[in-house]
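Q: Here is the input, now give the coordinates:
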Amino acid sequence: MAATYGPTAPHITASSTCNVLHTIFYFTILIIMHTFHFPQLHVYSQRLNQLNRTNR
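A: Below is the predicted model of the structure:
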């Protein structure tokens with residue numbers, strides 16, 4: 001996943017930058033899921049169940 005931006009770019013800095021970005025992305029997703037998605041996901045699953053019952 002580490003992209004080298006040319007033959008002069010060292011592989012170590014590219015991979016470490018990729019790891020840092022991946023960690024930041026992971027924690028951002030975790031925080032977003034913790035603050036927003038868990039209550040909405042419960043409501044959303046209930047709505048999906050109601051839609052499935054009405055469709056049948």
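Q: What strand or helix carries residue 32?
A: Counting by DSSP states H and E, the element that carries residue 32 is helix 11-32.
Q: who does the following helix or strand past that helix touch, helix- and strand-wise?
A: The helix or strand immediately downstream of helix 11-32 is helix 38-55, counting by DSSP H and E. Packing partners of helix 38-55 (3 or more Cβ pairs under 8 Å, 6 or more residues apart in numbering; DSSP states H and E): none among the helices and strands. No exception for glycine: its C-beta is placed from N, CA and C like everyone else's.
Q: Take helix 38-55, keep the C-alpha atoms, and write them as CSV.
A: Extracted C-alpha coordinates of helix 38-55, given in CSV (Å, rounded to 0.1, in the frame of the first residue of the first chain):
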residue,chain,number,x,y,z
PHE,A,38,-23.8,3.0,16.8
PRO,A,39,-27.1,4.6,17.8
GLN,A,40,-28.0,5.3,14.2
LEU,A,41,-27.1,1.7,13.2
HIS,A,42,-29.6,0.4,15.8
VAL,A,43,-32.4,2.5,14.4
TYR,A,44,-31.4,1.7,10.9
SER,A,45,-31.5,-2.0,11.5
GLN,A,46,-34.9,-1.7,13.1
ARG,A,47,-36.1,0.2,10.0
LEU,A,48,-34.7,-2.5,7.8
ASN,A,49,-36.6,-5.1,9.7
GLN,A,50,-39.8,-3.2,9.4
LEU,A,51,-39.2,-2.8,5.6
ASN,A,52,-38.5,-6.5,5.3
ARG,A,53,-41.8,-7.3,7.2
THR,A,54,-43.8,-5.0,5.1
ASN,A,55,-42.3,-6.3,1.8
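Q: show me where pLDDT drops low in the chain?
A: The model of the chain has pLDDT under 70 over residues 1-14, 36-42, 56.
Q: Count the residues that sit near residue 15.
A: 14 (other Cβ atoms under 10 Å).
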